[in-house]
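Peer 1: Sharing a model prediction with you, sequence too.
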Amino acid sequence: MKKQQNISLGAEKSSSAETYVRQQLGSYIRGEAKRNQPPDDVDWQRLETIVFYHNVAAIFSNLTNDNDHVSHWFPHKMKILSANLHNLKTAVFLFSILDAHNIDAVGMRGINLANFIYADPSLRPMHDIDILIRPEDRERLHDTLEERGHKPTEYLRSQLVYEINGVIFEIHWLSLTPKRYRDCLDSDFLVSSRQAKQTPEGTVYCLPLEQELISVVTHAFIHHNLDTLLRITDIGILMAQPQMDWQFIVDWTKKVKLSNLFCFTLSFVNQFFHLGKERELELFGGILPSDVKKVYRAYEEYLWGRERLGGMLLMHRNQFFVAERFETKMRQFLLLLGSTKLEPFYHILVNKKNYRVGNVSK
């Protein structure tokens, strides 16, 4: 799909396209067989902009609407399937090398979601593969891969980036990089929980459902502020898994002081997609902002590309609300003073228009 640089991702008010996208994703997450068709008055241009910008077009690819608007959606889904099969084969190759040298590693997020959580690998695109190792193994991993002819394309503060057989691997030794949350999620907690999963290509290592939900929620909220439909769809898919041990999640979040963050994030996804998980969420103690509906609305507007000053302020205030530790609140305050965090406010106040446009999120 060509980038539509002149089409604003935002709209002044909620559209039938947004309503339809929300309903369709909710139906998919809930496992409903019925496929909702777009309303007759849907703005196809906006619908296409939304689903491709947020990387959820594959879930909409089987529309039976006989028109040119969706003719290229199914081939897009097939490209995702082909890429993911190649990703899986290459991941098996990497894990076999690490296994041979007794380096424990586990795949996070995309590789697990695409191959074992979503209905089939064609529905969940992956741009790269996230692998987690223990910090003490990073030098040995580097030397092991270098002996096999693989050198990092990037050296970052908490990860090495490799390109192997055309697949980008981000090999992390820290689960969370922001300092205000870095020590909340220990890498060993995730790596030691890894499970071997057999595929037609061979063995890969992924996280159990509970640890995957922990990884996906912390990454989506702390690193990305719940900024795309794909991220919250990932959370919804995991929330809908009947085998999920909710008490495990609750106990862990209390231990590391992330109960507020999880209660808010899961409650937001629950109401956005109408998942009916109120009873499970009660286990967290209902720790939510007093004006939670307004906060929900601010995040929803952000998803649709309609940043407004009041909504942005509510979202930043919510960052303080979910921070249970004094140190986290202080670091959050210092982060807010940074120029990159204040830039959106400048654009809203000065330009008085949507900040995100087209397929570019600044």
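Peer 2: That came in fine, so what should we check first?
Peer 1: now the stretch 1-150 of the chain, which segments are flagged as low pLDDT?
Peer 2: The model of the stretch 1-150 of the chain has pLDDT under 70 over residues 1-14, 33-34, 62-67.
Peer 1: what ranges do the helices span in it?
Peer 2: 16-29, 44-53, 73-100, 110-112, 138-147 (DSSP state H, counting those that start in this stretch).
Peer 1: buried sites along the second one?
Peer 2: Of the residues in helix 44-53, those scored as buried under the neighbour-count criterion (16 or more other CB atoms under 10 Å) are 46-53. Glycine gets a C-beta too; all of them are placed from N, C-alpha and C.
Peer 1: ok, back up a step: which one of the helices of the stretch 1-150 of the chain lies closest to Thr199?
Peer 2: Proximity to Thr199 (CB to CB) singles out helix 73-100 among the helices of the stretch 1-150 of the chain, at 6.0 Å.
Peer 1: For the closest one, which helices and strands make contact with it?
Peer 2: Judged by 3 or more CB pairs under 8 Å, 6 or more residues apart in numbering; DSSP states H and E, the packing partners of helix 73-100 are strand 105-108, helix 110-112, strand 129-133, helix 138-147, strand 159-164, strand 167-172, strand 202-206.
Peer 1: and with 7 Å instead?
Peer 2: The contact analysis (3 or more CB pairs under 7 Å, 6 or more residues apart in numbering; DSSP states H and E) places helix 73-100 against strand 105-108, strand 167-172, strand 202-206.
Peer 1: could those strands go into JSON lines alongside mean neighbour count?
Peer 2: Listed next are the helices and strands packed on helix 73-100 as JSON lines, based on neighbours: other CB atoms under 10 Å:
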{"stretch": "strand 105-108", "mean neighbour count": "24"}
{"stretch": "strand 167-172", "mean neighbour count": "21"}
{"stretch": "strand 202-206", "mean neighbour count": "19"}
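Peer 1: now those strands in a markdown table, with distance to Arg35?
Peer 2: Output for those, formatted as a markdown table (distance: least, CB to CB, whole Å):
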| stretch | distance to Arg35 |
| --- | --- |
| strand 105-108 | 30 |
| strand 167-172 | 32 |
| strand 202-206 | 29 |
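Peer 1: I figured Ile249 hits Ser215, correct?
Peer 2: No. With contact defined as CB atoms under 7 Å, Ile249 does not reach Ser215; the gap is 11.7 Å.
Peer 1: I'd like to know which of the buried residues of helix 44-53 is nearest to Gly285.
Peer 2: Proximity of these to Gly285 (CB to CB) peaks at Ile50, which lies at 34.6 Å.
Peer 1: ok, and the closest non-adjacent residue to the closest one?
Peer 2: In space, and not counting its chain neighbours, Ile50 is closest to Val21: 5.5 Å by CB to CB, 6 or more residues apart in numbering.
Peer 1: Return the residue of the protein that is most distant from the centre.
Peer 2: Here the chain reaches farthest from its C-alpha mean at Glu147, the gap being 33.4 Å by CA atoms, centre = their mean.
Peer 1: Check the gap between it and Met312 for me.
Peer 2: Using CB to CB, to the nearest Å, Glu147 is found at 49 Å from Met312.
Peer 1: And Leu336, by the same measure?
Peer 2: For Leu336 relative to Met312 (CB to CB), the value is 11 Å.
Peer 1: what bridges to the residue nearest to Ala91 when sequence neighbours are not counted?
Peer 2: Of all residues beyond its chain neighbours, the one nearest Ala91 is Val204 (5.3 Å), with distances taken as CB to CB, 6+ apart. Residues in a beta bridge with Val204, per DSSP bridges, are Lys197.
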